[in-house]
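Peer 1: fold the following for me, if possible:
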Amino acid sequence: MTDAEKSGQYEDPRYCFGEKHRRYMRRALDCTINIAEGAVRAGKTVDNVFVFAAALEETPDRIHLASGSTIGNAKLNLGDCNGLGLERIFRGRCTWGRYKDNECLRIQTKNGEKVVLFAGGKNADAYKRIRGNSYGMWLATEINHHHDSFIQEAFNRTLAARRRKIFWDLNPTSPSALIYRQYIDPYTADTSPGFCNYAHFTIRDNPVITKERLAEIEAQYDKASVWYRRDILGQRCAAEGLIYRSFADAPEKFLLQTADLPPMKFCNIGVDFGGNRSKTVFAAVGFPLSGGVIAIGEKAVQGNKGDIDPGRINREFLAFLAALHEKYPGLPIRYVFCDSEAQYLINGLRRSIPGSEGLIVSDCAKRPITDRIAFVNGLMSAGRFHLTPDCPKLAAGLAEAVWEDTEGADRRKDDFTSDIDILDAMEYAIERYMGKV
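Peer 2: From the prediction side, this is the model:
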């Protein structure tokens, strides 16, 4: 038991650990590699942060590493951790700062000052940010979203530690993913005492989650989806088959006639520019006062790579804009989010729109496709995604989109057997609101 536990610092009911979690944390004090895998909201990250903090009090090593897919992800999930992270545990004894041009948390422990560097590991060149230091311990969240070069570098940088410890957490992904093949499965197969401590958790292992809260969380998922199996059941499974199965099975459930539309706050337009045999497409999505999203219009402009006429795209867009104003008078059209890979087309589009429109033309957020898919699936499961009869291409794209599992990576199949362009445009229109609708 740590001094903080003895003093009652963690009387916060959110620090309530089930026995399965306690066993994992006790083993972690004696093991080098510690891996917590399983469902969302299972308490995996809190476990690792808690034990990392306890070990930080005793370790003789001064410099340590904390990583996520991005540095923001690392600071949010490990530093803050919904108010249960390193900032809370070392409250009054830590300050944010910089160490050799890296963001860090300086922590005063009974064994001297410790410096925890925060880093993002998803990019191929991210490893360069952690070169030049030797680390004692490494705490990583969502390790399956770290690039292999970063993982290798972090391992190498901990080899000289006097008390080496690794803490990983992850939600399950495809069984053939590299993180399992190259790291987790070989480590868990090694039964050497004190080497690897692995535990699998589901959301039901978290005593803080009530039955009512569990039902609320499960209601956000399509039970036929890969996300339900991974996030709720905690199963490793490949993404295969139809992506939007609930839509494909009953598209009529998601259809709203124009006369039945609820009042809307505003509308955004997503633009995916054509290339490699694909089309330039516009997708208009409304945001109802009651929440959710409603796709209310679409338009496709035929054009191949190399022969897209910017002038024609601008004219077609203005015609699309005029048609929206005519059909939905008074509905504010707020943003036009465009595929960021075609800046010259974006600039032309921006200049072609009359200033009286008050439209802001901007780059799309370009969030990972799997995140966008999970978001739309969640909206569908919650009954908060609809479209009008003016969106036949979008309806077909949603009904026909399928997974392509390549080397353990989840990808939406893009071989022109389904309309991916319209899905991209629709997602560009809503992705910046993923945490709000």
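
Peer 1: so what's residue 320 up against?
Peer 2: 269, 282, 284, 297, 299 (Cβ atoms under 8 Å, 6 or more residues apart in numbering). (C-beta placed from N, C-alpha, C; glycine too.)

Peer 1: okay if I get these as CSV plus neighbour count, secondary structure and pLDDT?
Peer 2: Output for those, formatted as CSV (neighbours: other Cβ atoms under 10 Å; DSSP: H, G, I helix; E, B strand; the rest coil; pLDDT from 0 to 100):
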residue, neighbour count, secondary structure, pLDDT
269, 26, strand, 97
282, 26, strand, 96
284, 29, strand, 98
297, 22, strand, 97
299, 22, strand, 95
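
Peer 1: closest one of those residues to residue 56?
Peer 2: Using Cβ to Cβ, residue 269 comes nearest to residue 56 of the contacts of residue 320, at 49.3 Å.

Peer 1: state the pair within the contacts of residue 320 that is farthest apart.
Peer 2: 269 and 299 (9.7 Å).

Peer 1: which neighbours do these two have in common?
Peer 2: Between them, residue 269 and residue 299 share the contacting residues 282, 320, judged by Cβ under 8 Å, 6+ apart.

Peer 1: show me where pLDDT drops low in the stretch 151-300 of the chain?
Peer 2: Counting by pLDDT under 70, the stretch 151-300 of the chain shows low-confidence ranges at 275-278.

Peer 1: same question, the stretch 301-437 of the chain
Peer 2: Judged by pLDDT under 70, the stretch 301-437 of the chain has its weakly predicted residues at 303-308, 405-408, 415-418, 437.

Peer 1: quick one: neighbours of residue 337, just the number.
Peer 2: For residue 337, the tally of surrounding residues (other Cβ atoms under 10 Å) stands at 27.

Peer 1: for the remainder of this discussion, apply numbering that starts at 31.
Peer 2: Done: numbering now begins at 31, and the last item shifts to residue 367.

Peer 1: and it, what is it in contact with?
Peer 2: Residue 367 makes contact with 298-301, 392-395, 458-459, 461-462 under the criterion Cβ under 8 Å, 6+ apart.

Peer 1: change it to 6 Å
Peer 2: The contact partners of residue 367, taken as Cβ atoms under 6 Å, 6 or more residues apart in numbering, are 300, 392, 394, 458-459.

Peer 1: got the contact list for residue 405?
Peer 2: Here residue 405 is in contact with residue 464 (Cβ under 6 Å, 6+ apart).

Peer 1: no wait, residue 340
Peer 2: For residue 340, the residues meeting the contact criterion (Cβ under 6 Å, 6+ apart) are 375, 378.

Peer 1: okay, residue 191 and residue 104: tell me how far apart.
Peer 2: Residue 191 sits 19 Å away from residue 104, taking Cβ to Cβ, to the nearest Å as the criterion.

Peer 1: again but with residue 349, I slipped
Peer 2: In this structure, residue 349 and residue 104 are separated by 46 Å, where distance is defined by Cβ to Cβ.

Peer 1: between those two, which one's more packed in?
Peer 2: The residue with more neighbours, out of residue 349 and residue 104, is residue 104; 25 against 12, by other Cβ under 10 Å.

Peer 1: residues in contact with the more buried one?
Peer 2: The neighbourhood of residue 104, defined by Cβ under 6 Å, 6+ apart, consists of 96-98, 148.

Peer 1: let's see that with 7 Å instead.
Peer 2: When the contact criterion is Cβ atoms under 7 Å, 6 or more residues apart in numbering, the partners of residue 104 are 96-98, 148-150, 171.

Peer 1: any idea which element it lies in?
Peer 2: When elements are defined using DSSP states H and E, residue 104 is found to belong to helix 101-104.
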